[in-house]
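[1] model this:
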Amino acid sequence: MFPTTMDLKLSSDERGVLMGMLRATTISAGLARRARVVLALADGDSYATIAATHGVTDTYIARWKKRVVDGGLPALGDLPRSGRPDRLDPRIEAKILAKTQEPPPAPFTHWTTRRMARLIGVSHVTVHRVWQRAGLQPHRLERYVTSDDPEFETKAADVIGLYLKPPANAVVFSVDEKSQIQALDRLDPVLPLSPGRAERHGFEYKRNGTLSLYAALDVATGRVEGMTAPSHSSPVFVRFLDRLVAMQPKRWEIHIIADNFAAHKTKTVTAWLAEHPRVHLHFTPTYSSWLNQVELWFAKIERDMIARGIFTSTTDLRRKLMQYIRAHNKTCQPIQWSYSNVKHRITAPRTSVTRH
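    Next up, the predicted model:
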């Protein structure tokens, strides 16, 4: 039987800690119940009142009262469980981390928990725990492309400068084309989602042709101007530029950011630029499409509409692409562009994006 005559007193700091625990949303229900019981005891409530209010027994109240009196508030936590303690020799952990950053034996390409466990002589659960603490994920692979453009810094700074500090009385567009968008029609009916089951599409489909989508993203507003075409070529690119220029105020300069696709650099385009001196074409460095903001929008339309879309014809595809652009423009926002390079290879004005 636990004694019931000992006094339980709380300092203002201890009372504040318990009140904070009760306001938290992440502690367990058991710990919250103990905190309420201890606060009630400190307020002088009787065992009978506490038992009736919180649905506990006298033995429960006496146990946690004694623990707090003997050990303070930390004693409210659960006592250590029986069984083997969770201990790992630091030397073993260091060995696992060091080996993980070395290549595995041939012909394997990466480490797994069981492969590492056999080498070190521990369980695969131990290896997983060590990797999790260190943030190591040998099963993952990320790919990258290094630009071989000798003028990378100059071109990148030019593009980033247009994003961060666009010229006055000018509009800046990020332009590109998404080619070969397939108009795919499903041969089997789409089964809608239901509780516990995702939406399902049949594997069989019918090809109804392809379209290319030309898009120009206004970097100041996020608004997109689009045009579809059966193919992507230099004459079509020029036709899209004609449409784009016709929509802008006549006295404004127009800056267009584009990638190094061959259709953007033909004699036809050069001649068109000579006829439109207020249009300035800025090319991203080679293998640097990540600098072209419209690529982010292309990824969005792919997720939102194209990947799971059903198109009965290229006409249907064209209609839905334009419908998506109109919907996007109703709620569009500029992309908040930022760039930081630890080696400071690129220098650009460090100002916020100007919105017109």
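[2] Quote the end-to-end distance of stretch 197-208.
    End-to-end span of stretch 197-208 (C-alpha to C-alpha, to the nearest Å): 29 Å.
[3] So which residues make contact with that stretch?
    Identification of contacts with stretch 197-208 by C-beta atoms under 8 Å, 6 or more residues apart in numbering yields 182-193, 308, 311-314, 316-317. Glycine gets a C-beta too; all of them are placed from N, C-alpha and C.
[4] Buried subset of those, written for PyMOL?
    The buried residues among the contacts of stretch 197-208 can be selected in PyMOL (16 or more other C-beta atoms under 10 Å) with this line:
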select buried, resi 182+183+184+185+186+311+314+317
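[5] Show only the entries of the contacts of stretch 197-208 found in helices.
    Of the positions in those, 314, 316, 317 sit in helices, assigned by DSSP state H.
[6] tell me the mean pLDDT for the helix or strand harbouring residue 21?
    In the assignment (DSSP states H and E), residue 21 maps to helix 12-23. For helix 12-23, mean pLDDT rounds to 79.
[7] Same check on stretch 38-50?
    Mean pLDDT, stretch 38-50: 89.
[8] how about it: buried residues?
    By 16+ other C-beta under 10 Å, the buried positions in stretch 38-50 come out as 38, 39, 40, 41, 42, 45, 47, 50.
[9] Against residue 8, how distant is the first one?
    When C-beta to C-beta, to the nearest Å is the yardstick, residue 38 and residue 8 sit 7 Å from each other.
[10] so what sits against both of these two?
    Any residue near both residue 38 and residue 8 by C-beta under 8 Å, 6+ apart counts here, and that gives 65, 68.
[11] Tell me the confidence at residue 346?
    Per-residue pLDDT puts residue 346 at 55.
[12] This structure: helices as residue ranges?
    Assigned by DSSP H, the helices in the chain fall at 12-23, 29-42, 47-54, 58-71, 90-100, 113-120, 124-134, 152-164, 234-246, 267-275, 294-301, 314-330.
[13] Show me the one of those helices that comes nearest residue 257.
    Residue 257 lies closest, by C-beta to C-beta, to one member of those: helix 152-164, at 5.6 Å.
[14] same for the closest one, what does it pack against?
    Judged by 3 or more C-beta pairs under 8 Å, 6 or more residues apart in numbering; DSSP states H and E, the packing partners of helix 152-164 are strand 253-258, strand 279-283.
[15] Please convert the ones you listed to a markdown table, extending it with mean neighbour count, distance to residue 132 and mean pLDDT.
    As requested, these are arranged in a markdown table below (neighbours: other C-beta atoms under 10 Å; distance: least, C-beta to C-beta, whole Å; pLDDT from 0 to 100):
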| stretch | mean neighbour count | distance to residue 132 | mean pLDDT |
| --- | --- | --- | --- |
| strand 253-258 | 21 | 42 | 96 |
| strand 279-283 | 18 | 44 | 95 |
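[16] Need those strands in JSON lines (columns: distance to residue 293).
    Formatted as JSON lines, these follow (distance: least, C-beta to C-beta, whole Å):
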{"stretch": "strand 253-258", "distance to residue 293": "8"}
{"stretch": "strand 279-283", "distance to residue 293": "12"}
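[17] mind checking which of those strands is nearest residue 336?
    With C-beta to C-beta as the measure, strand 253-258 is the member of those nearest residue 336 (16.7 Å).
[18] what residues go with each domain of this protein?
    Taking automatic domain parsing as the reference, the chain has its domains at 12-76, 90-134, 152-330.
[19] Can you lay out these as TSV showing distance to residue 140?
    Listed next are the domains of the chain as TSV, based on distance: least, C-beta to C-beta, whole Å:
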stretch	distance to residue 140
domain 12-76	29
domain 90-134	9
domain 152-330	20
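[20] In terms of mean pLDDT, which of those domains ranks lowest?
    Among the domains of the chain, domain 12-76 has the lowest mean pLDDT, at a mean of 84.
[21] Paired strands for the longest strand seen in the chain, with orientation please.
    Criterion DSSP state E: the longest strand present in the chain is strand 170-186. Sheet pairing of strand 170-186 (DSSP bridges) gives strand 205-218 (antiparallel), strand 253-258 (parallel).
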